[in-house]
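Engineer: return atomic coordinates for the entry below.
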Amino acid sequence: MLEFGHGDSITSQYLQHSSSTLSGSRLDKVPSTRSVRDLLVKFQPDFAVFYPDLTADGLRTSLLTCIDDAMKRCKTDALFVVFGIHRDPAKLSVWREAVRAANTTSCLDMNKVGIILFRPELEKRCYLYRY
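Structural biologist: This next block holds a predicted model:
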């Protein structure tokens, strides 16, 4: 499990408590694309959480870089959770690019949170849930 950005750590604590085999790492700020790639070489993600506040400046680039690099290195059957996808136009743009990626098979847009699935046996499809 990988976490990118400032979350409340409850997500990772909850999930790590449920499984003795789950390991993970967290990158609060993204100082460079190299740090993201170094982390992804160490951990091939099957579950990743992306919070919307990776950096104050250059947010779109940092978030897009993290998601893009993780998608290139993720395992089959991976699941990504992206928070704040409709918070502003830059985050919405990143979300839409991630959904269009070749290895994305299904996504669930729940307005504040987006979920991306990488399951080759699924038909490429996006679900929109508004509440």
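Engineer: kindly export stretch 108-116 (C-alpha atoms) in PDB.
Structural biologist: Output in PDB follows, covering the C-alpha atoms of stretch 108-116 (Å, rounded to 0.1, in the frame of the first residue of the first chain):
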ATOM      1  CA  LEU A 108     -16.000   4.900  -9.900                       C
ATOM      2  CA  ASP A 109     -16.500   8.700  -9.700                       C
ATOM      3  CA  MET A 110     -18.100   9.500  -6.400                       C
ATOM      4  CA  ASN A 111     -17.700  13.300  -6.600                       C
ATOM      5  CA  LYS A 112     -15.200  13.700  -3.700                       C
ATOM      6  CA  VAL A 113     -13.400  10.400  -4.200                       C
ATOM      7  CA  GLY A 114     -12.500   8.400  -7.200                       C
ATOM      8  CA  ILE A 115     -11.600   4.700  -7.400                       C
ATOM      9  CA  ILE A 116      -9.600   3.200 -10.300                       C
END
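Engineer: need the longest helix for this structure.
Structural biologist: For the chain, the longest helix by residue count, based on DSSP state H, is helix 59-73.
Engineer: for that one, buried residues please.
Structural biologist: By 16 or more other Cβ atoms under 10 Å, the buried positions in helix 59-73 come out as 59-60, 62-71. The way it works is simple: take the backbone N, C-alpha and C, and place the C-beta from them, glycine included.
Engineer: average model confidence for it?
Structural biologist: Taken as a whole, helix 59-73 carries a mean pLDDT of 76.
Engineer: mind listing the strands whichever helix or strand comes after that helix pairs with, and their directions?
Structural biologist: Helices and strands here follow DSSP states H and E; after helix 59-73, the next one along the chain is strand 78-83. Sheet pairing for strand 78-83, assigned by DSSP bridges, gives strand 47-50 (parallel), strand 113-118 (antiparallel).
Engineer: for stretch 38-47, buried residues please.
Structural biologist: For stretch 38-47, by 16+ other Cβ under 10 Å, it's 39-40, 45-47.
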